[in-house]
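S.K.: Generate a structure from the sequence data that follows.
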Amino acid sequence: MNLNQITLPVTDMEISTKFYRDLGFTHIVDTPHYARFECPDGDSTFSLSLDRGEFDCGTVIYFEHEQLDELVEALKVKGFVFIQEPTDQSYLWREAVLHDPSGHKIKLYWAGVNRVNPPWRVEIRS
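M.R.: As a prediction, the model looks like this:
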């Protein structure tokens with residue numbers, strides 16, 4: 001199996017689609033209630049779905065970028081506000097944190113080989 005995409009609920013489609021375009025994603029599906037984006041690297045996509053109700057933003061979205069520090073600086077110049085600057089984590093990832101307009105936590109990170117092969121990796125199967 002391969003993960004196809006994640007769909008995030010958003011409160012304002014216009015503001016949210018602009019946010020993700022400005023973050024660097026390609027907007028490939030556009031309707032008043034649904035939008036899909038293509039990641040600049042690889043073939044992953046994610047989408048937004050308009051939700052007028054209340055929802056919990058408990059999910060954390062991770063986007064990996066090898067030149068993390070340079071990306072964060074470029075985004076700050078564009079007006080993005082980070083709640084955490086690029087920081088080395090104990091689990092061997094370097095992460096910066098911001099929120100999207102609907103409150104979803106986004107972590108921009110670089111993990112390199114440690115993303116799928118950390119020193120503590122296990123392989124448990126049924």
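S.K.: Contacts for stretch 67-75 next, please.
M.R.: Counting by Cβ atoms under 8 Å, 6 or more residues apart in numbering, stretch 67-75 makes contact with 23-24, 65, 82, 85-86, 94-96, 98, 108-110, all of which sit outside it. C-betas here are computed from N, CA, C, even on glycine.
S.K.: scratch that, stretch 115-126 is what I was asking about
M.R.: Defining contact as Cβ under 8 Å, 6+ apart, one finds that stretch 115-126 is touched by Glu64, Tyr91, Leu92, Trp93.
S.K.: Compare those residues and tell me which is most surrounded.
M.R.: In terms of neighbour count, Trp93 stands highest of these at 19 neighbours, by other Cβ atoms under 10 Å.
S.K.: and it, what is it in contact with?
M.R.: Going by Cβ under 8 Å, 6+ apart, the list of residues near Trp93 reads Tyr109, Trp110, Ala111, Asn114, Arg115.
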